[in-house]
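[1] fold the following.
(chains A and B)
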Amino acid sequence: MDEEQLRALLRDLDALKQRPDPAAIDRMRERVAGMVTPAAAARSKIKDMSSEVVDSNPYSRLMALQRMGIVDNYERIRDYSIAIVGIGGVGSVAAEMLTRCGIGRLLLYDYDTVELANMNRLFFRPDQVGMTKTDAAVQTLSGINPDVTLESYSLNITTVKGFETFLGSLKARSSDGRNTGVDLVLSCVDNYEARMVVNQACNELGQTWMESGVSEDAVSGHIQLLVPGETACFACAPPLVVASGVDERTLKREGVCAASLPTTMGVVAGLLVQNALKYLLKFGQVSPYLGYNSLKDYFPTMEMKPNPQCSNPACVQRQSKPARDAAAKAKMEAEASAADECPVHLDNDWNISVVDDSDTVTPSILSTGADSLPEGLVRELPTADSYQEPVAPVTSGAIDDDLEELQRQLDALNSS
Amino acid sequence: MEGWDKGTKSVVGEIPLLSTRAGPRDGEAWRQRLKEEYRALIAYTSVNKSKDNDWFRISAANPEGTRWEGTCWYVHNLRRYEFPLQFDIPVAYPQVAPEIELPTLDGKTHKMYRGGKICLTVHFKPLWAKNCPRFGIAHALCLGLAPWLAAEVPILVDSGMVKHKDDEAAPADAAAAASGSAAAS
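    Predicted structure coming up:
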């Protein structure tokens, strides 16, 4: 404890002796509580978000967005639920951002535990090593903002059992007529397998989600908005990633499977949550796809329509939903283009002009069939070779169709 | 398949291709897919045995056929190194490949993700994506796990990260044998 703090306290006590002041007593109590144990500084829950500008209001700067006319109704954020899948370098930071923004409810999914090897990224602390990432996140986040309802799911969503729990948790609390109990799913996982699982769940539920990713060489990343039936789903085409912009052949791939930087991950988490806030609170334009190439500081954007021949049956089913969605979308686009056409600054005193960058960025790719990608974007995996699905199950001829018999044959081979 | 050795190429050609695009949540279609998986595994195991290149044992660990367990081994400098092998069939299968795990090697090599999942990103994932849904478990073992073992086991053994089970079980005997041979020379 600081000697100086104690002396200040003594002075205040003397002043109090001269002239009683209840507010001064409260302030002193707070200071002493802070000195006794830092945990005592944790605040209690706040019922309504206030826009009052005082040091003790955690929401004053957020509610100011409303006063400035950026957001119509900021307080609505408390009605929203977001599921974050993958509480790693991106997901944990996204969770903290949303917690500090006062989101209503956060569902956190991860099967991993905190390790010292995670300490090059943000959020987790060395004293949390060994805890599940979801529990460690709840510990930190509930301390930052007790108003947020936090749910922790420590499970692997790619297994059949984990997937059922995942699906069930997304559906829970659907009292207000929505398909699911969440408003948005954020995918912050680090592998293709888990992304395909989030894709599957969201296609089945008709749930809008946002995907994020950081390259294994830690120098590029992307975010993507996925609205089942309206935009390309994650299985409609091989995933898009940002090219590193350096000669791929000069990259050393030997020895490690993944590098990571807190900077790239922080940037991607910021882009992701910004897009999520714009989507939920309805301000600005929501990006359908935004890439980030840190080596060249280049941000390619694009748009993707769903693939009518998508291999995911739930996606194809969502695409066939009647025209009311199309109408809603047309309206959204009209709004977006109206906002587009009004120039922000035509002229200014500093001779700064906004240069049209349409020659470097292709604004939209209207069909997924034409594989002409904007500069700087590449496919992560090749397209499946054309393959005619058999209309009827292949008649297996000489092969025994009995599953148990096949199992016995393999067991026999295994034991010989 | 350029860049693959002739042996692997000819063997993979002998594994029957699969045709049903079904994952573990697809009910009857999954049973059909499972039959095709067995057919391919039986053929691949038979080919390996006939070529005296038997190198794994694998069987379903649950009735639904969504979890598989077994062992695999690799011979380096005339000694056989054996590792338990396991994986789950992912929900999005066969669009995504199974993530093959060698749990006893977890933390011993960089070419691995947490939980002992071997790194398949560069040499195998593109091939699997290109051949979906015709590749199955047998193909994943042949084109994913086999080349991984061939590349990693020699490094793991030579660096001392992996010890032969004889050396591990009785270090005293090994030391005695070493000093004995020194005395004899």
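
[2] and chain A, is the helix or strand containing B:Tyr81 touching that?
    In this structure, B:Tyr81 is located in strand B:79-88 according to DSSP states H and E. Yes: Strand B:79-88 reaches chain A (CB under 8 Å from any CB of the partner chain) through B:Asp88. For glycine as for every other residue, the C-beta is placed from the backbone atoms N, C-alpha and C.

[3] so for the helix or strand following that strand, mean pLDDT?
    Using DSSP H and E, the helix or strand that directly follows strand B:79-88 along the chain is strand B:112-113. In this model, strand B:112-113 has a mean pLDDT of 84.

[4] likewise for stretch B:146-162?
    Here the average pLDDT along stretch B:146-162 is 93.

[5] next one: stretch A:271-290
    97.

[6] just the terminal-to-terminal distance for it.
    8 Å (CA to CA, to the nearest Å).

[7] give me the domain ranges for chain A.
    A:3-36, A:59-330 (the TED database).

[8] tell me which of those domains sits most buried.
    domain A:59-330 (a mean of 19; mean count of other CB atoms under 10 Å in any protein chain shown).

[9] that one close to chain B?
    Yes: using CB under 8 Å from any CB, domain A:59-330 reaches chain B at A:112, A:157-160, A:163, A:191-193, A:196-197, A:199-200, A:216, A:235, A:238, A:253, A:255-258, A:311-312.

[10] show me what the strand holding B:Tyr81 is packed against.
    Using 3 or more CB pairs under 8 Å, 6 or more residues apart in numbering or on different chains; DSSP states H and E, the elements in contact with strand B:79-88 are strand B:67-76.

[11] who's in contact with the strand it packs on?
    A:414, B:55-61, B:80-89, B:98, B:102, B:137, B:141, B:145, B:149-150, B:153-154, B:157 (CB atoms under 8 Å, 6 or more residues apart in numbering or on different chains).

[12] what's the answer for stretch A:167-175, then?
    Residues outside stretch A:167-175 that contact it (CB under 8 Å, 6+ apart): A:81, A:83, A:107, A:151, A:153, A:179-182, A:185, A:201, A:204-205, A:207.

[13] before we move on, the earlier item: in helices only, show me the residues of domain A:59-330 next to chain B.
    Mapping the residues of domain A:59-330 next to chain B onto helices (DSSP state H) picks out A:160, A:163, A:192-193, A:196-197, A:199-200.

[14] could you dump these into JSON lines and include pLDDT and distance to A:Val378?
    Below are these laid out as JSON lines (pLDDT from 0 to 100; distance: CB to CB, whole Å):
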{"residue": "A:Val160", "pLDDT": "93", "distance to A:Val378": "33"}
{"residue": "A:Phe163", "pLDDT": "96", "distance to A:Val378": "30"}
{"residue": "A:Tyr192", "pLDDT": "89", "distance to A:Val378": "15"}
{"residue": "A:Glu193", "pLDDT": "90", "distance to A:Val378": "20"}
{"residue": "A:Met196", "pLDDT": "94", "distance to A:Val378": "19"}
{"residue": "A:Val197", "pLDDT": "95", "distance to A:Val378": "23"}
{"residue": "A:Asn199", "pLDDT": "96", "distance to A:Val378": "20"}
{"residue": "A:Gln200", "pLDDT": "95", "distance to A:Val378": "24"}
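
[15] what's A:Asp112 sitting at in phi/psi?
    The phi and psi values for A:Asp112, taken as degrees, to the nearest 10, are phi -100, psi 170.

[16] for it, which non-adjacent residue is closest in space?
    In this structure, A:Asp112 finds its nearest non-sequential neighbour in A:Lys133, 5.3 Å apart by CB to CB, 6 or more residues apart in numbering or on different chains.

[17] and if you look at B:Phe135?
    B:Trp128 is the one closest to B:Phe135 (CB to CB, 6+ apart), at 5.6 Å.

[18] residues contacting that neighbour?
    By CB under 8 Å, 6+ apart, the neighbours of B:Trp128 are B:97, B:135, B:139-140, B:143-144.

[19] rerun at 10 Å
    A:381-382, A:384, B:94-98, B:120, B:134-135, B:139-140, B:143-144 (CB atoms under 10 Å, 6 or more residues apart in numbering or on different chains).

[20] for B:Asp26, same thing?
    B:Asp26 sits next to A:313, B:20, B:32-33, B:93 when contact means CB under 10 Å, 6+ apart.

[21] so how far is A:Ala95 from it?
    According to CB to CB, to the nearest Å, B:Asp26 and A:Ala95 sit 33 Å apart.

[22] what of B:Thr66?
    As judged by CB to CB, B:Thr66 and A:Ala95 stand 30 Å apart.

[23] next one: B:Glu152
    Separation of B:Glu152 from A:Ala95 (CB to CB): 35 Å.

[24] who's in contact with A:Ser81?
    A:103-107, A:149, A:151, A:170, A:172-173, A:178, A:180-185.

[25] and the helices in chain B?
    Secondary structure of chain B (DSSP H): helices at B:6-13, B:28-50, B:125-130, B:137-140, B:146-158, B:165-169, B:171-184.

[26] hey, which of those helices is tucked in deepest?
    Highest mean neighbour count among the helices of chain B (mean count of other CB under 10 Å): helix B:137-140, with a mean of 24.

[27] which other helices and strands does that one contact?
    When contacts are defined as 3 or more CB pairs under 10 Å, 6 or more residues apart in numbering or on different chains; DSSP states H and E, helix B:137-140 sits against helix B:28-50, strand B:56-60, helix B:125-130.

[28] residue ranges with poor pLDDT in the stretch 1-150 of chain A?
    When residues are selected by pLDDT under 70, those of the stretch 1-150 of chain A lie in A:1-2, A:34, A:36-41.

[29] surely A:Gly221 and A:Leu240 touch.
    No: here A:Gly221 does not reach A:Leu240: they are 11.7 Å apart, not a contact under CB atoms under 10 Å.

[30] what's the overlap in contacts for these two?
    In contact with both A:Gly221 and A:Leu240: A:213, A:291, using CB under 10 Å, 6+ apart.

[31] centroid-nearest residue for the chain?
    No chain was given, so I picked chain A. Residue closest to the average C-alpha location in chain A (CA atoms, centre = their mean): A:Leu186, at 3.5 Å.

[32] my bad, chain B
    Note on chain B: the residue nearest the mean C-alpha position is B:Leu145, at 3.7 Å, using CA atoms, centre = their mean.

[33] now it. Nearest residue, chain neighbours left out?
    B:Ile100 (5.3 Å).

[34] what's the spacing between that neighbour and chain A?
    With distances taken as CB to the nearest CB, to the nearest Å, B:Ile100 is found 12 Å from chain A.

[35] now do the contacts for whichever residue of the stretch 51-200 of chain A sits closest to chain B.
    Taking CB to the nearest CB, chain B has its nearest neighbour within the stretch 51-200 of chain A at A:Met196, 3.6 Å off. Taking CB under 10 Å, 6+ apart, we find A:Met196 in contact with A:158, A:189, A:233-235, A:239, A:312, B:90-93, B:95-96.
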